[in-house]
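**Student:** after the sequence you'll find the predicted model.
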Amino acid sequence: MADTSDTRTPAQIEADIKRRREVLAETLDEIGVRVHPKTIMGDAKAKVASNIDHTLGRAYVQANRAVSEVKGRFVDEDGSPRLERIVPVALVVVGVVGLVALGTRRRGR
């Protein structure tokens, strides 16, 4: 059995109905904005941009770490170059460049 002991006046009931309709209308408007294609696309773009920023940030940190490790191999703690490691690498680079240049020259004939 339903409870029929509502002590509100007809004016109070109408005011309550009006208030509930306004709340319902606001809720429907919010839902309409959330499911609108432009909103969905905007949210998707923002998520992709955030993921790209996060990925680029991690890549930057990893690259910075790699550069620091390589630098650590060729520079002392005080910042002076470690010639015992730089000279052999430089000689290898010069040799490879020379061989490539020589090979390119021979093919050109």
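**Tutor:** Looks like it came in fine. Numbering: from 1, shown residues only.

**Student:** shaky segments in the protein?
**Tutor:** Applying pLDDT under 70 to the chain flags residues 1-4, 108-109.

**Student:** all helices for it, in order.
**Tutor:** With DSSP state H, the ranges of helices along the chain come out as 10-35, 37-74, 83-108.

**Student:** need those in TSV (columns: mean neighbour count).
**Tutor:** Every C-beta, even on glycine, is put in place using the N, C-alpha and C of the backbone. Shown next, in TSV, are the helices of the chain (neighbours: other CB atoms under 10 Å):
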stretch	mean neighbour count
helix 10-35	10
helix 37-74	10
helix 83-108	10
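
**Student:** for residue 79, grab phi and psi.
**Tutor:** The phi/psi pair for residue 79 (degrees, to the nearest 10) reads phi 100, psi 0.

**Student:** count the residues that sit near it.
**Tutor:** Using other CB atoms under 10 Å, residue 79 is surrounded by 7 other residues.

**Student:** distance between stretch 37-54 and the chain's centre?
**Tutor:** Relative to its chain's centre, stretch 37-54 lies at 10 Å (CA atoms, centre = their mean, to the nearest Å).

**Student:** tell me which residue is most central in the protein.
**Tutor:** residue 53 (2.6 Å; CA atoms, centre = their mean).
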